[in-house]
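> Pasting a predicted model and its sequence here:
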Amino acid sequence: MTVSTNQVSAVIRTYLKNTKDKIEKVSNPALNPEGVHDEVTVSDDAKKILFERIGKRVLEKLKNELARNY
C-alpha cells in the first residue's frame, strides 16, 4: 500500500488537533496526576517522508539565515 504525503500530513494534522487539549495537561502535572502518555507507531516510509521534510525545512532556514548574515 502506498501512502501519499497528503495522507501523512492529514494524519499528523488530525493527531495534533485531537491532542491539542492534552498538551496542556501533560505540561502541567497538577492537571494531570495520572499521566497521559501517547504512543505513536510510524512506518519506515512515513519516517523517511518526515525526515525529508524536516531536512528541507532546516536547509531552507539555514540558507535564509546565511543570506541575512552575508
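Yep, that arrived.

> So for this protein, the centremost residue is which one?
With distances taken as CA atoms, centre = their mean, Ile12 lies nearest the centre of the chain, 6.6 Å away.

> where does that one land in three-state SS?
helix (DSSP: H, G, I helix; E, B strand; the rest coil).

> Tell me where the model's unsure across this structure.
Residue ranges of the chain with pLDDT under 70: 21, 23-38.

> That one: helices as residue ranges?
5-27, 44-69 (DSSP state H).

> chain center to the first one: distance?
Using CA atoms, centre = their mean, to the nearest Å, the distance from the centre of helix 5-27 to the centre of the chain it belongs to is 8 Å.

> I'd like to check the angle between it and helix 44-69, please.
80 degrees (axes from the mean of the first three to the mean of the last three CA atoms, to 10 degrees).

> from here on, count from 35
With 35 as the first residue, the last one maps to helix 39-61.

> helices or strands up against helix 39-61?
For helix 39-61, the elements it packs on are helix 78-103, judged by 3 or more CB pairs under 8 Å, 6 or more residues apart in numbering; DSSP states H and E. Where C-beta positions appear, they are placed from N, C-alpha and C, glycine not excepted.
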